[in-house]
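Q: Need a 3D model of the sequence below.
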Amino acid sequence: MFTHILAPYDGSKNADRALEKAAQLAKLTDASISLLTVFRHHSMLEASLSMVRVNDPGRIDDAMREHASGIVAHGKQLLIDAGVANVRGFVRSGRPAREINQFAIKHGVDLIILGSRGLGASGDGYLLGSVSHKVTGLSKCPVLVV
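A: Numbering: from 1, shown residues only. Sure thing, here's the model as predicted:
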């Protein structure tokens with residue numbers, strides 16, 4: 001059945017529910033889970049427009065990577081507490097849907113389980129969030145949207 005599940009995780013309630021499903025399936029099939037958090041790189045222009053650390057925009061990415069690492073650690077602990085034996089956490093920078101699909105291909109993932117909506121901008125009228133919508137359209141493997 002499934003041997004390697006990718007669980008993109010942003011710490012949202014829907015992502016938590018997706019982790020619960022991933023844990024259930026991993027225990028049934030003895031699959032490993034790769035937990036992935038993707039943060040978006042901020043350019044110098046975005047940094048200057050945001051007025052956050054305008055003189056040192058490189059630190060914005062450092063802060064975001066640190067925050068993403070905390071999200072991964074939290075998700076990893078949730079999976080361990082749920083009884084999943086084989087869990088690895090990863091942090092990437094870039095466009096979430098693209099990074100998720102590239103990760104899946106590179107690491108031989110045979111199932112992606114993710115929440116229907118995450119912490120990104122909402123109110124765009126989609127039934128699915130933009131990331132889950134893009135992942136389902138681009139993925140080369142099955143995707144379970146929770």
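
Q: what's the longest helix in the protein?
A: Determined from DSSP state H, the single longest helix within the chain is helix 58-81.

Q: so how far is the next helix-or-strand element following it from its chain's centroid?
A: Downstream of helix 58-81, the first helix or strand assigned by DSSP states H and E is strand 87-93. Relative to the centre of its chain, strand 87-93 is centred 8 Å away, using CA atoms, centre = their mean, to the nearest Å.

Q: ok and strand 87-93 relative to helix 58-81, angle-wise?
A: 160 degrees (axes from the mean of the first three to the mean of the last three CA atoms, to 10 degrees).

Q: So which residues of the protein form strands?
A: In the chain, the strands defined using DSSP state E lie at 4-8, 32-39, 87-93, 111-114, 143-145.

Q: and those strands as a markdown table, adding mean pLDDT?
A: Listed next are the strands of the chain as a markdown table, based on pLDDT from 0 to 100:
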| stretch | mean pLDDT |
| --- | --- |
| strand 4-8 | 98 |
| strand 32-39 | 96 |
| strand 87-93 | 97 |
| strand 111-114 | 97 |
| strand 143-145 | 96 |
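
Q: leaving aside the residues next to it on the chain, what's closest to Asn86?
A: Leaving out its chain neighbours, the residue that sits closest to Asn86 by CB to CB, 6 or more residues apart in numbering is Ser32, at 3.9 Å. Placement of C-beta: from N, CA and C, glycine included.
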